[in-house]
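Engineer: Predicted coordinates and the sequence they were generated for:
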Amino acid sequence: VSTKGITGDEITSEQAVKKIRDVFNNYGVNNLSSDGETSGLFNCYNYSFTANNKTKYYVQITKQGGFILNITSFNQGTKTKSLSLSECRAKAEQFAKNLSLDVESVWSTSLGGVAYINLTPVVGNVIIYPDMIKAKVSMQTGEIIGWEATSYAHNHTERVDLVATISVDNARKSVSQNLTIISEKIALIPLEYNKEKLAYEFKCSLNDATYYVYVDAKTGEEVQVLKVIATTNGDLLQ
């Protein structure tokens, strides 16, 4: 299993602490303590601290390259929202930029005062789904309260050959006539066994349900169909 997205030299625990203090500088970093280390696919330093607003944070940072892999917190959001979903998207994108990550929001939803935002690199106009980072933003404070970047760490690399062979008009013919196409994009999608495929993404509707249909951008074959399921924890794809 690869860890393509992590580069650079190994950092010391002192450098990890400095990075956390820099990244969360405007949240306030109080009672920062080490929670030991984890080893495995990614060797990480684990830390916890309390922000100025009393939220407890847990941060996992890789030893190689000092990459922030995971952020979890016990801020569950509140019903009072002072920020819109688009403002939260901007907060997540800015946080990524502060980490020197070139990603943008490609999907977002909100539930219970928390914005859930998926960030990926976009190369030309191709959405790079295998490198997805999942962020959670408090709609009250705009603070990042969750961050999961394992897929990015596994998969991120320079990609070549992101060129469709068939036109979107041709690809559209593979979409079922029963579906109403809402939007069309082009994306690199993850498949089993760490493979990737360039595909047209058609967001479609049928009987109040939303579907994502993926059509191979080189052969025109349908590769995958995902249905959006509304749950109490927000929208899920299956």
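Structural biologist: Arrived safely, thanks for sending. Not measured: the values here are computed from a predicted model. Residues are numbered from 1 along each chain as shown.
Engineer: ok, which stretches of this structure are helices?
Structural biologist: Assigned helices in the chain, in chain order: 13-23, 85-98, 150-155, 168-172 (criterion: DSSP state H).
Engineer: you'd agree residue 63 is up against residue 9?
Structural biologist: No - judged on Cβ atoms under 8 Å, residue 63 makes no contact with residue 9 at a distance of 9.6 Å. C-beta here means a position set from N, CA and C on the backbone, and glycine is covered the same way.
Engineer: okay, those two: which has more neighbours?
Structural biologist: When neighbours are counted by other Cβ atoms under 10 Å, residue 63 and residue 9 differ, and residue 63 comes out ahead with 21 against 9.
Engineer: dump the residue contacts of that one.
Structural biologist: Applying Cβ atoms under 8 Å, 6 or more residues apart in numbering to residue 63 gives the contacts 10-11, 16, 37, 43-45.
Engineer: mind putting those residues in JSON lines, distance to residue 139 and neighbour count included?
Structural biologist: JSON lines is the format used below for these (distance: Cβ to Cβ, whole Å; neighbours: other Cβ atoms under 10 Å):
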{"residue": "10", "distance to residue 139": "37", "neighbour count": "11"}
{"residue": "11", "distance to residue 139": "33", "neighbour count": "19"}
{"residue": "16", "distance to residue 139": "30", "neighbour count": "22"}
{"residue": "37", "distance to residue 139": "34", "neighbour count": "12"}
{"residue": "43", "distance to residue 139": "34", "neighbour count": "14"}
{"residue": "44", "distance to residue 139": "29", "neighbour count": "22"}
{"residue": "45", "distance to residue 139": "30", "neighbour count": "23"}
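Engineer: Low-confidence stretches in the protein?
Structural biologist: Along the chain, segments meeting pLDDT under 70 span 1-2, 75-79, 230-238.
Engineer: 50 instead, please
Structural biologist: Within the chain, no range satisfies pLDDT under 50.
Engineer: Which residue would you name as the spatial centre of it?
Structural biologist: The centre of the chain sits closest to residue 133, judged by Cα atoms, centre = their mean, with a distance of 2.0 Å.
Engineer: and that one, how far is that from residue 156?
Structural biologist: Going from residue 133 to residue 156 by Cβ to Cβ, to the nearest Å gives 10 Å.
Engineer: swap in residue 60?
Structural biologist: According to Cβ to Cβ, residue 60 and residue 156 sit 17 Å apart.
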